[in-house]
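Participant: predicted model and sequence follow; I will ask about them next.
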Amino acid sequence: MTCILAAVDLSVDSLRVVDAAADYAKRLNAELTIIHVTGDTGEAELPVMPPAPEVGIVASAQPDRTEIAAQIREAHREVQSLGERARAAGVTAEALLIQGSPSEKIAQQVEKLAPEFLVMAAHESSFLRDLLFGSVSEQLIGKVACPVMLLPASKD
């Protein structure tokens with residue numbers, strides 16, 4: 001059976017991405033996989049503040065584990081809700097929450113699932129960020145072995 005992959009960022013555009021992907025999945029009699037990639041919460045990526053011995057303070061880069069766990073649980077709940085939305089539309093759908101670099105993890109899922117195409121939203125972002133890093137969609141186009149369908153960002 002064929003597969004369609006929808007990558008969501010849990011913004012307001014995620015509903016449009018899932019609805020469009022579910023519509024195509026229905027038309028193609030394909031399964032839908034919805035993924036959301038959370039940033040890596042490893043301590044190595046956190047900014048480290050230098051000690052400030054002159055005032056007797058040593059700052060800690062330790063993340064608040066409780067807050068991180070709550071954020072991951074909420075993201076999991078939201079992505080599962082998107083999966084339920086697609087299933088309610090009559091599509092066989094699986095919803096996954098993955099940790100890591102969004103462009104790398106999405107590319108891995110494309111390689112693993114070999115979908116007919118990837119659906120995601122294009123977002124406006126800052127010029128400086130795009131200049132330095134590029135958007136996730138820009139990083140994926142030409143890197144993945146399937147067509148990429150970009151839905152325009154909502155005007156909200």
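Facilitator: Everything's here; your move.
Participant: isn't there a helix covering L15?
Facilitator: Yes: judged by DSSP: H, G, I helix; E, B strand; the rest coil, L15 forms part of a helix.
Participant: now it: how far from A21?
Facilitator: Using C-beta to C-beta, to the nearest Å, L15 is found at 11 Å from A21. C-beta: built from backbone N, CA, C; applies to glycine.
Participant: so which of those two has more stuff around it?
Facilitator: A21 (31 against 16; other C-beta atoms under 10 Å).
Participant: tell me what the longest helix that the chain contains is packed against?
Facilitator: Ranked by number of residues, the top helix in the chain under DSSP state H is helix 65-88. For helix 65-88, the packing partners by 3 or more C-beta pairs under 8 Å, 6 or more residues apart in numbering; DSSP states H and E come out as helix 13-28, strand 31-38, strand 93-99.
Participant: enumerate the positions of it that are buried.
Facilitator: For helix 65-88, the neighbour count (16 or more other C-beta atoms under 10 Å) marks 75, 78-79, 82-83, 85-86 as buried.
Participant: and stretch 3-17, by the same measure?
Facilitator: Buried residues in stretch 3-17, defined by neighbour count with 16+ other C-beta under 10 Å: 3-10, 13-17.
Participant: of those residues, closest to V91?
Facilitator: Of all the buried residues of stretch 3-17, V91 sits closest to I4, with 8.9 Å by C-beta to C-beta.
Participant: isn't the closest one up against L32?
Facilitator: Yes: judged on C-beta atoms under 8 Å, I4 makes contact with L32 at a distance of 5.2 Å.
Participant: give me the common contacts of these two.
Facilitator: 21, 25 (C-beta atoms under 8 Å, 6 or more residues apart in numbering).
Participant: got the angle between the longest helix of the chain and helix 13-28?
Facilitator: In terms of direction (axes from the mean of the first three to the mean of the last three C-alpha atoms, to 10 degrees), helix 65-88 departs from helix 13-28 by 30 degrees.
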